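> Just need the structure, nothing else, for what follows:
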Amino acid sequence: MVKKGIFGQYFKSKRKAKGLTLRQFCSKYGFDPGNISRLERGIFPPPQDRNKLEEFAACLEIEKGGTDWYTFFDLAAIESGKIPVELMEDEKVLDKLPLLFRTLRGEKVPED
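Numbers count the residues shown, from 1 in each chain. As a prediction, the model looks like this:
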């Protein structure tokens, strides 16, 4: 079971780090306070649209390509039960995913 609300908690921590209340943030960037509140509380899932995630990241002043950027997008993917897009586009990573899954399950990994 995927832990609900991890993305929203992270979103909220980034908003608060900017020193903005929910209403200030929404007013400044044109978002609906009810929807952002539901997102932060885990009632709404993270957006699936990459453009919307990038818009949120920009509003939260998350530096593209930085650690916080990857955390933001990874949490959105994890909460949605998906593997991050950039990993799915990398053939080397795709080849290693079955091994990673076996290792995470504690299964014996073949020698080859």
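> can you dump the C-alpha coordinates of the lowest-mean-pLDDT helix or strand in the chain into PDB?
Using mean pLDDT, DSSP states H and E, the weakest-scoring helix or strand in the chain turns out to be helix 85-88, at a mean of 85. Output of helix 85-88 as PDB, limited to C-alpha atoms (Å, rounded to 0.1, in the frame of the first residue of the first chain):
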ATOM      1  CA  VAL A  85       9.300   8.900 -16.200                       C
ATOM      2  CA  GLU A  86      13.000   9.700 -16.700                       C
ATOM      3  CA  LEU A  87      13.900   6.200 -15.300                       C
ATOM      4  CA  MET A  88      11.400   4.500 -17.600                       C
END
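> Mind giving me the packing neighbours of it?
For helix 85-88, the elements it packs on are helix 91-105, judged by 3 or more C-beta pairs under 8 Å, 6 or more residues apart in numbering; DSSP states H and E. No exception for glycine: its C-beta is placed from N, CA and C like everyone else's.
> picking that back up, what residues does the least confident helix or strand of the chain touch?
Helix 85-88 is touched from outside by R50, A77, V93, L94, with contacts defined as C-beta atoms under 8 Å, 6 or more residues apart in numbering.
> What helix or strand is the second one located in?
Going back to what we said before, that points to A77. Under the criterion of DSSP states H and E, A77 resides in helix 67-79.
> mind listing what's buried in stretch 75-87?
Of all the residues in stretch 75-87, those buried under the rule 16 or more other C-beta atoms under 10 Å are L75, A76, A77, I78, E79.
> Including pLDDT and distance to E89, could these go into TSV?
TSV is the format used below for these (pLDDT from 0 to 100; distance: C-beta to C-beta, whole Å):
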residue	pLDDT	distance to E89
L75	94	19
A76	95	16
A77	92	13
I78	90	17
E79	91	20
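> For N35, state which of those is nearest.
Distance to N35, by C-beta to C-beta, is smallest for A76 among these, at 15.4 Å.
> Just give me the neighbour total for F73.
Residues near F73, counting by other C-beta atoms under 10 Å, number 20.
> try Y10
With other C-beta under 10 Å as criterion, Y10 counts 21.
> Once you drop chain neighbours, what's closest to I36?
Spatial nearest neighbour of I36, chain neighbours left out: C26 (5.6 Å); criterion: C-beta to C-beta, 6 or more residues apart in numbering.
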